[in-house]
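>>> Give me the fold of what follows.
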Amino acid sequence: MRKIIYIIFLTLVLAACANLGTPDGGAFDEDPPKILGTSPKYGAVNAKNKKIVLMFDENIKLDNAMEKVVISPPQINQPEIEAMGKRITITLNDSLKPNTTYTIDFSDAIQDNNEGNPMDDYAFTFSTGEMVDTFQISGYVLGAADLEPMKGLLVGLHRIEEGEEDLPDSIFRTREFERVSRTDASGHFVIKGLNPETRYRAFALKDQDQNFMFTQKSEMIGFNRQIITSSAKPDIKHDTIWHDSIHYDSIISIPYTHFYPDNIVLTAFEEEGQNRAFLKWERPQLERFTLFFTAPDSTLPVIKGLNFNADNAFVIEASEKKDTITYWVKDSTIYNNDTLRVTLTYNYTDTLNRLVERTDTQNLLSKVTYEKLQKKRKDEWEDYKKEYLKEFKHNQRKSKSGSENGKKQEKVVSGQTLIAPGEAKKEKSEEELIYDEYYGGPTTEQADSIISPPPATELADNEEDDGNEEENMQKEEADNKEKSKKSSKKSKRQKKTEKEEDIEIPPMPEEFIDVKTNSGNINPDQNIDFTFSEPIDTAYTSMFHFYHLVDSVEHDLPFVLRRVKGTTMKYRLYAEWEPDSTYYVSIDTGAVVNIYGQRMAGMKKTIKVKGLDKFSQLTVNLQNAEDCAYVSLINQSGKVVKQQKAENGKVDFYYIDPGNYYLSMFYDRNGDGRWTTGDYDSQRQPEETFYYPGALNLRAQWEVNQSWNPTQTPLFRQKPEKITKQKPEKKKDRRSKNEERRREKANQK
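Okay, the predicted model is just below:
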C-alpha cells in the first residue's frame, strides 16, 4: 500500500515539475543530409547491378522525385525510386547499356526529414565500361514567341557522327536521346556525364508520349544547328558566410571546375499544322452554334443540313486561325428546331500525320429549347401585363380622386355642402377606392346619406316554440349569410376579371440590339468601336451624325464608318481627332439592323480627346538590328499597347499614357506583319524575339530617346522579371535559425 501511495506521489511531483516550463528542444538542424556510403561506389566502373542504394547520416525524404530526378541515359521503363529512413533505393528496369556512363541527377530533391534542408545539386554516377565520363554542359530553354522560361521540358543530346550533320530529321524523329536533363523554373538545364571528345547536338522536347523522340506535331520542341563539345577549366566562385539572417561575416572564394559551354539557348515552339481533329460543338441558344477544332486550318468545314436546307443559311464568324467557328442561323423556321442534324466535312490528321478529309454526322441540340423559349416569352408577357395593369389602376385611382376633390370644392364654394356642421369628412381607405373603381361604389351624395339596415327577420307566430326551432332558424340564417358572402365574392372576382379584360394592353416595348462602345476618353490616334451582340445586316451611315462643339456651336464633321475586318459584329468610326477637344456622335434609332431585323436604339455619345500635355513620346534607336524588325511597347501587365515597324533603324511611339513600359522586338522575315513559328523538317527556326532588359519610365510631356542593341545582353537575361510569368523558384534559406531564435528570446526578455 505504501508503495502505491509513493508511486502516485512521485507521479504528481513529476507532473508539477513538467508544468514549470517546456524545453525548447535543442538547436535546429541546419545542415543538409550527408552521404555515408553507396552501392555501387560513386564513380564505379564495370558496374553490372541495376539496383543502386544510397545511405545517409539522417532520415531523409524525396521532394517531387518524378519531376526533379532525371536519369541518363533516359529510361523507357520507369525506374523505381524509394526513400525510407536513411536510405534511397533506385531500381533500373531497363537493361544496362555497355560502355556507358549512368548519371542519376537528384537536383535538390533529397532533403532531411525534419527541417527539409536540401542536398543541393547532387548526382550519382557509375559506368558499365572502363571509364566514367564526368564533363557537362548547361544552358536555358525559352519560349520562342515571348522568351518565357520553359519549366519541365526535356533537354536531350544526340551524338553526331561524321556525315550526319545534314540529316537532322533522322536523328530527332528516330533515335532516343543519349543524355537528358529537365529544365527548372528558370528554364535552366544541366546535362552531365559527357565525353569531351564526343560531338553533340541539343534538342528541347515536351515529350507527351514519353518515348524521348519528336513524334507528334503537338509536342513543343527546340533545336539549333550548333555542334557542341564539352570542355572545362579551373575557376573560382564566391560564397557568403552569414552571421545571422541579416548580417554576414565574410565572403569566401571557393575553387571549382567550370564546364563549358554554359550558355546554350534553345527557343521552344509548337509547329503549325498540328494534329487536327474535331473537338466539340456548342449550341447555347437556338440561333447559333460553334465548332471547335484542335488545330488551325486554311479552309472552313463544309456543312450540309439533314433536316433543313443549309444553302445560304448561316452568317459565319471564324477566328483568325479557323479553329473556332460560330454559325448564326438566319431563318427562324430553321433555328426554331431544337435539333439541327448536319454532316460536317473537315480536314483531319490521320495516323500517318496526313491532313485528309473526314465527314461526321452531328446532332446539334440547343441548350435552350423552343418550348422553353416560348414559356419564357409568355412569362415575360404576363409580368409585363401585371405591371401595366397595376400602373393603369394606380393612375385611374389618382385621376378619380382628383376629380372627386374638384366636385366637392365646387359644392362648398356654392354653399351646397353635404357634410353636417361640426363633422369631419372621413377619407376613403385604399380598399374602398378599389371597390368603388371596379364594382361601383356609392356616389358622393349616397356616401353622405344614411342607409338603414334591412328589417330583422320576423319570428313565427308561436312565440312559445321550443329552443330547437329557434336554433334551427339561427343556423339557417347563418348559412344564408355565408352563401350570400361567397356569391358576392365570386361576383366581385368575375366583375374584376371582366373589367381587366376590357383594358387594352399595348405591345411590349421594343427590344433593341445590345451594343458596347469603348471609353469616351480617347487618345488622338484612337477611334470609336461599336460592338454588337449579334451579326449586323445593315448599318445606315446617313443616320450617324458626327459633330464638333466649338463655342457652343455644333459643326458637322466628316467621318468613315467601316466594319472591322474579320468580324460581323463590330464597326469602327474613323475621324480626324484634334487634341483637347470634345466631339459628339448622335445615332438615330434604327441606324443599325441585325440579321434578325432587330434595331439599334438611338444614342448620343460624348467623346473627349486628351490634350497633348497628357502624353509622353518615345523614340527607339536600334543598333545592330535587321531592317525587318517590329518593335512593341508593353505595359506593366505584359500587354502590347503599341506596335510599329522599324524604319531606318528607328521607331517612334506617340501619345503614350504616362507609366512604366517595356520593349520587345521580333524579326518579320516572311513579311506578314506577325510573329511566325518554326518548322523542324525544313529546319526553319521561329522568327527571333528580343526584349529590352530594363523598364522605361515615361512621364507626361516627356520626349524620351532610347538606344537598344538587342544582341548586347544574353537572351536568357533579357526579359524583365516584372513581366515574366514563369517566376524562378526561391531556394530554401538556410541562414541560422538558431540565431533567429536566440534574438527572439532576447527580445521577449
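>>> Just the pLDDT for the closest residue to Leu612 other than its chain neighbours.
Nearest-residue entry for Leu612: Pro579, 4.9 Å, with adjacent residues in sequence omitted and distances by CB to CB, 6 or more residues apart in numbering. C-betas here are computed from N, CA, C, even on glycine. At Pro579 the predicted local distance difference test score is 94.
>>> my read: Pro579 touches Gly611, true?
Yes: Pro579 sits in contact with Gly611 when judged by CB atoms under 8 Å, with a separation of 5.2 Å.
>>> these two touch, right, Thr359 and Tyr348?
No: no contact is recorded between Thr359 and Tyr348 when judged using CB under 8 Å, the distance being 9.4 Å.
>>> Specify which residue of these two has the higher count of neighbours.
Neighbours per residue (other CB atoms under 10 Å) separate Thr359 from Tyr348, with Tyr348 holding more: 19 against 12.
>>> and the gap between that one and His545?
51 Å (CB to CB, to the nearest Å).
>>> Just say helix, strand or coil for Trp381.
helix (DSSP: H, G, I helix; E, B strand; the rest coil).
>>> list the contacts for it?
Neighbour list for Trp381: Met508 [criterion: CB atoms under 8 Å, 6 or more residues apart in numbering].
>>> Measure how buried His394 is and give me the count.
Counted by other CB under 10 Å, the residues lying close to His394 total 10.
>>> for Asn527, same thing?
Taking other CB under 10 Å as the criterion, the count of residues near Asn527 is 16.
>>> same deal with the one 3 residues further on?
Using other CB under 10 Å as the criterion, Phe530 is surrounded by 26 other residues.
>>> Okay, and the beta partners of it?
The bridge-partner assignment for Phe530, based on DSSP bridges, gives Thr517, Tyr571.
>>> From Asn518, how far out is it?
Counting by CB to CB, the separation of Phe530 from Asn518 is 9 Å.
>>> For the stretch 101-250 of the chain, which segments count as strands?
Taking DSSP state E, counting those that start in this stretch as the test, the strands found in the stretch 101-250 of the chain are 101-107, 110-112, 122-127, 135-143, 154-159, 179-182, 188-194, 200-205, 221-223, 231-242, 248-260.
>>> Okay, buried residues for the longest one please.
What it means is strand 248-260. Phe259, Tyr260 (16 or more other CB atoms under 10 Å).
>>> Neighbouring strands - and their directions - for it?
When DSSP bridges is applied, strand 248-260 pairs with strand 231-242 (antiparallel).
>>> what is the mean pLDDT for the strand it pairs with?
Model confidence over strand 231-242 averages 82 on the pLDDT scale.
>>> tell me the angle it makes with strand 135-143.
Orientation check (axes from the mean of the first three to the mean of the last three CA atoms, to 10 degrees): strand 231-242 against strand 135-143 gives 80 degrees.
>>> hang on, the earlier thing: residue contacts, the residue nearest to Leu612?
Applying CB under 8 Å, 6+ apart, the residues contacting Pro579 are Pro524, Val609, Lys610, Gly611, Leu612.
>>> Over to Arg288?
The neighbours of Arg288, taking CB under 8 Å, 6+ apart as the test, are Thr326, Tyr327, Trp328, Val329.
>>> For stretch 297-308, report the contacting residues that lie outside it.
The contact list for stretch 297-308, computed with CB under 8 Å, 6+ apart, reads 276, 291, 310, 313-314, 316, 318, 321-323, 325, 327, 334, 337, 339-347, 361.
>>> average pLDDT across that stretch?
Mean predicted lDDT for stretch 297-308 stands at 95.
>>> Centre of the chain to that stretch, how far?
Relative to its chain's centre, stretch 297-308 lies at 30 Å (CA atoms, centre = their mean, to the nearest Å).
>>> swap in stretch 277-289?
Taking CA atoms, centre = their mean, one finds stretch 277-289 lying 21 Å from the centre of the chain it belongs to.
>>> as a whole number, average confidence for that stretch?
Averaged across stretch 277-289, the pLDDT comes to 96.
>>> Inside strands: which ones of the contacts of Pro579?
Of those, the ones assigned to strands by DSSP state E are Val609.
>>> and the contacts of Pro579, which are buried?
Buried members of the contacts of Pro579, scored by 16+ other CB under 10 Å, are Pro524, Val609, Lys610.
>>> Any stretches of this structure with poor pLDDT?
Low-confidence regions of the chain, defined by pLDDT under 70, span residues 1-29, 164-169, 240-250, 402-477, 479-500, 731-749.
>>> make it 80
Residues of the chain meeting the criterion pLDDT under 80: 1-30, 162-170, 238-251, 273-274, 353, 400-502, 549, 551-553, 729-749.
>>> What segments of it are helices?
All helices of the chain, identified by DSSP state H, fall at 2-18, 65-68, 168-172, 332-335, 370-413, 430-439, 444-448, 467-501, 737-748.
>>> which ones are touching Thr359?
By CB under 8 Å, 6+ apart, the contact set of Thr359 is Thr343, Leu344, Thr345.
>>> What is the burial count for the first one?
By the other CB under 10 Å criterion, the neighbourhood of Thr343 contains 15 residues.
>>> how many neighbours does the closest residue to it other than its chain neighbours have?
For Thr343, the nearest residue in space outside its immediate sequence neighbours is Lys304; the separation is 4.7 Å by CB to CB, 6+ apart. Burial measure for Lys304: 15 neighbouring residues, criterion other CB under 10 Å.
>>> how near is Lys304 to Ala313?
Looking at Lys304 against Ala313, where the rule is CB to CB, the gap reads 10 Å.
>>> mind listing what Gly673 touches?
Taking CB under 8 Å, 6+ apart as the contact definition, Gly673 lies against Tyr630, Lys645.
>>> give me phi/psi at it?
In this entry, Gly673 is assigned phi and psi values of phi 80, psi 10 (degrees, to the nearest 10).
>>> gap between it and Cys628?
According to CB to CB, Gly673 stands 10 Å off from Cys628.
>>> now do Gln374
The spacing between Gln374 and Cys628, counted by CB to CB, is 59 Å.
>>> And the two? Which one has more around it.
Of the pair Gln374 and Cys628, Cys628 is the one with more neighbours under other CB under 10 Å, namely 15 against 11.
>>> The more buried one contacts Asp668, correct?
Yes: counting by CB under 8 Å, Cys628 sits close enough to Asp668 to count as a contact (4.8 Å).
>>> How many residues are close by Thr369?
Here the number of neighbours of Thr369 (other CB under 10 Å) works out to 15.
>>> Now it: closest residue in space, sequence neighbours ignored.
Spatial nearest neighbour of Thr369, excluding adjacent residues (CB to CB, 6+ apart): Asp338 at 4.7 Å.
>>> Isn't the one you found up against Lys367?
No: here Asp338 lies out of contact with Lys367, judged by CB under 8 Å, at a distance of 9.9 Å.
>>> Those two: which is more packed in?
In this view Asp338 and Lys367 are compared by other CB under 10 Å, and Asp338 has more residues nearby, 17 against 11.
>>> list the contacts for that one?
Applying CB under 8 Å, 6+ apart, the residues contacting Asp338 are Leu286, Leu365, Ser366, Thr369, Tyr370, Glu371.
>>> give me the beta-bridge partners of Thr339?
Counting by DSSP bridges, Thr339 is bridged to Leu365.
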